[in-house]
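Student: pasting the sequence and the predicted model now:
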Amino acid sequence: MASTDLHSLHGQTALVTGSSSGIGEAIAVELARAGADIIVNYRGSADSAKGTVDSVEALGRRAVAVQADVSVEADVIAMFDQAEAALGPLDIVVSNAGLQRDSAIADMSLDDWNTVISTNLTGGFLVGREAIRRFRKKGLREDVSRSLGKLLFDNSVHQRIPWAFRVNYAASKGGLRLLMESLAQEVAHEKIRVNAVAPGAIATAINQSEREKPGGLDAMLKLIPYGRIGEPADIGRVAAFLVSDAADYITGQTLFTDGGMTLYPEFRGNG
């Protein structure tokens, strides 16, 4: 049977897309800290991916970097093939890769729209579909987990909160919510669990310029009742919980990890 420590991921292998930096890197590290071996997916920087591999190996776990663009079907299938060849069948898949191309609606090009939708939403579909196929092929391994497989999406508070000047990003994340919930509904009877974590403002390179400009950090903090910017490890720890047997009765759910941003603090006292 699986470990009596329900938070343990020992004996399991996880693929984390977009894990060469930022939130994806933190998720990979926290899954490794819980005991999993890690496939580190990257699109561009092999050096950054090596940094994540080194961090995982420093925790005593195995790690392999695999290059793939999640918006390309052939790349996704090849990524899973390489992952299984390197570390064996996958127990956990985290669809994390995402990007932004921001502009006002009148200035947003079709390419800006398609690039974001292709990576954030179509990429989630391709990774999720392949994960479910591979979980079915692998079969249930009760010695390591109660679930046939765990699929986790890294979504955003903007699956709920509209985001002017970033309609492509918000639309991709809103779509990802129903992709996750619909997949969970479809495969729950197979003991495949599908969930999401939805970060709020997290200190990564994607918002560094906004945080560092005059007054930028204070403006962000006004939107966060808890009074701090999140760290990537905050998301990594939530991810490690959601894919563990401690969360075995959770499926089709989004865990907002946002310091209260989705509480709409600007309405406090003004409802």
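Tutor: Sure thing, it's come through. Numbering: from 1, shown residues only.
Student: before we move on, which element is Phe80 in?
Tutor: Assignment of secondary structure by DSSP states H and E places Phe80 within helix 73-87.
Student: other SSEs contacting that helix?
Tutor: With contacts taken as 3 or more C-beta pairs under 8 Å, 6 or more residues apart in numbering; DSSP states H and E, helix 73-87 sits against strand 13-16, strand 37-42, strand 63-67, helix 123-138. All C-beta atoms are positioned from the backbone trio N, CA, C, and that covers glycine.
Student: quick one: average confidence on that helix?
Tutor: For helix 73-87, mean pLDDT rounds to 98.
Student: what strand or helix carries Gln185?
Tutor: Gln185 belongs to helix 167-187, assigned by DSSP H and E.
Student: ok and that helix relative to helix 123-138, angle-wise?
Tutor: 20 degrees (axes from the mean of the first three to the mean of the last three C-alpha atoms, to 10 degrees).
Student: what strands line up against the following helix or strand past helix 167-187, and which way round?
Tutor: Later in the chain than helix 167-187, the nearest helix or strand by DSSP H and E is strand 192-199. Strand 192-199 has the following strand partners under DSSP bridges: strand 149-154 (parallel), strand 254-257 (parallel).
Student: identify the residues contacting the last one?
Tutor: It refers to strand 254-257. With contact meaning C-beta atoms under 8 Å, 6 or more residues apart in numbering, strand 254-257 is reached by 155, 157, 159-160, 177, 180, 195-200, 230, 234-235, 238, 242, 262.
Student: what do you get for stretch 19-28?
Tutor: Residues contacting stretch 19-28 (C-beta under 8 Å, 6+ apart): 14, 16-18, 38, 40-42, 44-45, 48-49, 51-52, 55-56, 63, 65, 94, 96-97, 154, 199, 202, 204-206, 231-233, 235-236, 239-240.
Student: swap the cut-off to 6 Å and go again
Tutor: Applying C-beta atoms under 6 Å, 6 or more residues apart in numbering, the set of residues contacting stretch 19-28 from outside is 16, 18, 38, 40-42, 45, 48-49, 52, 94, 96, 204, 232-233, 235-236, 239.
Student: now swap in stretch 60-78 and tell me
Tutor: By C-beta under 6 Å, 6+ apart, stretch 60-78 touches 17, 32, 37-43, 49, 53, 56-57, 79, 82-83, 86, 97, 118-119, 122-123, 126-127, 130.
Student: buried stuff in the helix holding Gln185?
Tutor: Buried residues in helix 167-187, counted by 16 or more other C-beta atoms under 10 Å: 167-177, 179-181, 183-184, 187.
Student: for it, the averaged confidence score.
Tutor: Helix 167-187 comes out at a mean pLDDT of 98.
Student: show me the contact partners of it.
Tutor: If you take C-beta under 6 Å, 6+ apart as the criterion, helix 167-187 is touched by 100, 105, 113, 116-117, 120-121, 124, 128, 132, 153, 155-156, 158-159, 163, 194, 196, 251-252.
Student: give me the buried positions along stretch 75-92.
Tutor: Buried, per 16+ other C-beta under 10 Å, within stretch 75-92: Asp75, Val76, Met79, Phe80, Gln82, Ala83, Glu84, Leu87, Leu90, Asp91, Ile92.
Student: any regions of the stretch 1-150 of the chain where pLDDT drops low?
Tutor: Segments of the stretch 1-150 of the chain classed as low confidence (criterion: pLDDT under 70) are 1-3.
Student: can we see that at 50?
Tutor: 1 (pLDDT under 50).
Student: ok, the closest residue to Glu231 other than its chain neighbours - how many residues close by?
Tutor: Excluding the flanking residues, the one nearest Glu231 by C-beta to C-beta, 6 or more residues apart in numbering is Ala203, at 5.9 Å. Using other C-beta atoms under 10 Å, Ala203 is surrounded by 17 other residues.
Student: relative to Pro232, how far out is Ala203?
Tutor: Using C-beta to C-beta, to the nearest Å, Ala203 is found at 7 Å from Pro232.
Student: do the same with Thr262
Tutor: The value you get for Thr262 to Pro232, if C-beta to C-beta is used, is 19 Å.
Student: more neighbours, the two?
Tutor: More crowded of Thr262 and Pro232, by other C-beta under 10 Å: Pro232, with 20 against 17.
Student: right, I'll call it a day here.
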